[in-house]
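Student: build me a model from this:
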Amino acid sequence: MGYSATKWWRETDGTRVYLTRGWVVPEWRGRGIGRAMLRWAESRLRAIAATHPRDGQPFLAAHARSSETDTAALLADAGYRVAFTVLEYEMADLSHVAALPSPDGLATRPLSTRDLPDLFRSIRDAYAQDPFSEEESHERWVAGLTSLEDWHVPLGRSHRRDRWAGPCVAHKGRGEICEASVRQPHRSLGLGRALLSRGLDDLSARGLTSARVHTLAENPYSPPLFYEAVGFRLAKSFPRYRKPLDVPPAASP
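Tutor: Numbers count the residues shown, from 1 in each chain. Prediction:
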């Protein structure tokens, strides 16, 4: 009739997040099952949080699409509030997309495995000031990569070595821009638009007709406006709910 799942992670600002997700099949809804599952998940996460370091305010988290009004009402009744909103943008027709040249002074070259540490640092630096960014290790990030052929990475030449300006990746098979970021010193130069256009052009060349990308409504660098300017249109929104987690005190020895 349904199931519940939990997970947890640490964000770059030190916030610990404990997520509960639950689903009930339609014919079993309206019987209090979802509410009971939420209580169980919260209890489970509270016990897990009690074993973790007390180095900041932990939060319970839950997800609900903007169309899932019953779930939203359940979460609001349980004390959850919207912390931020993930936006899904879609470009329905890739046939008109053409790759733009990179700004002067920047070049690209194929990636290899030896580039991965620099690439990881570039992505980490690009999101260093962003809210709600999950803390991630280099090993975990590498394990989640698909193909290096999907990446377009510009290199800014310096007298010492190549400087990674920022990456953009187009994930083949699903028509999705999985990563698009530019490090702070290289923003507002047209680099993001050039990288994004190359990723979209690649998807079109592979026979895909549409693409999507996800971003935060609260992103301090206004990606929603950027994606709309290049032809993406808002398709869905996904509010993310949170509430402070009261962790029981540690047991006395």
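Student: what segments of the chain are helices?
Tutor: Under the criterion DSSP state H, helices of the chain are mapped to 33-49, 69-77, 116-126, 138-143, 191-205, 223-229.
Student: for those, could you give me JSON lines that also reports distance to Cys168 and mean pLDDT?
Tutor: Yep, even glycine has a C-beta here, placed from its N, CA and C like the rest. Shown next, in JSON lines, are the helices of the chain (distance: least, C-beta to C-beta, whole Å; pLDDT from 0 to 100):
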{"stretch": "helix 33-49", "distance to Cys168": "35", "mean pLDDT": "95"}
{"stretch": "helix 69-77", "distance to Cys168": "33", "mean pLDDT": "94"}
{"stretch": "helix 116-126", "distance to Cys168": "11", "mean pLDDT": "86"}
{"stretch": "helix 138-143", "distance to Cys168": "16", "mean pLDDT": "89"}
{"stretch": "helix 191-205", "distance to Cys168": "3", "mean pLDDT": "86"}
{"stretch": "helix 223-229", "distance to Cys168": "12", "mean pLDDT": "90"}
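Student: so which of these is the most surrounded?
Tutor: Stretch with highest mean neighbour count among the helices of the chain: helix 191-205 (a mean of 21; mean count of other C-beta atoms under 10 Å).
Student: still on that earlier bit, so which of the helices of the chain gets nearest Tyr89?
Tutor: Closest approach to Tyr89 among the helices of the chain (C-beta to C-beta): helix 223-229, 4.7 Å.
Student: dump the C-alpha coordinates for the closest one into PDB.
Tutor: C-alpha atoms of helix 223-229 as PDB (Å, rounded to 0.1, in the frame of the first residue of the first chain):
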ATOM      1  CA  PRO A 223      19.800  31.100 -13.000                       C
ATOM      2  CA  PRO A 224      16.100  31.100 -13.500                       C
ATOM      3  CA  LEU A 225      16.400  34.400 -15.500                       C
ATOM      4  CA  PHE A 226      19.500  33.000 -17.300                       C
ATOM      5  CA  TYR A 227      17.700  29.800 -18.500                       C
ATOM      6  CA  GLU A 228      14.600  31.800 -19.600                       C
ATOM      7  CA  ALA A 229      16.800  34.100 -21.500                       C
END
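Student: the helices of the chain: which one's closest to Val247?
Tutor: helix 33-49 (4.8 Å).
Student: what does that closest one rub up against?
Tutor: Applying C-beta atoms under 8 Å, 6 or more residues apart in numbering, the external contacts of helix 33-49 come out as 1-6, 8, 16, 18-20, 22, 24, 58, 60, 62, 71, 74-75, 78, 245-248.
Student: try stretch 206-219
Tutor: With contact meaning C-beta under 8 Å, 6+ apart, stretch 206-219 is reached by 84-95, 130-132, 170, 172, 175-177, 180, 200, 203, 223-224, 227, 232, 235, 237.
Student: any of these buried? List them.
Tutor: 86-91, 94, 130, 132, 170, 172, 175-177, 180, 200, 203, 223-224, 227, 232 (16 or more other C-beta atoms under 10 Å).
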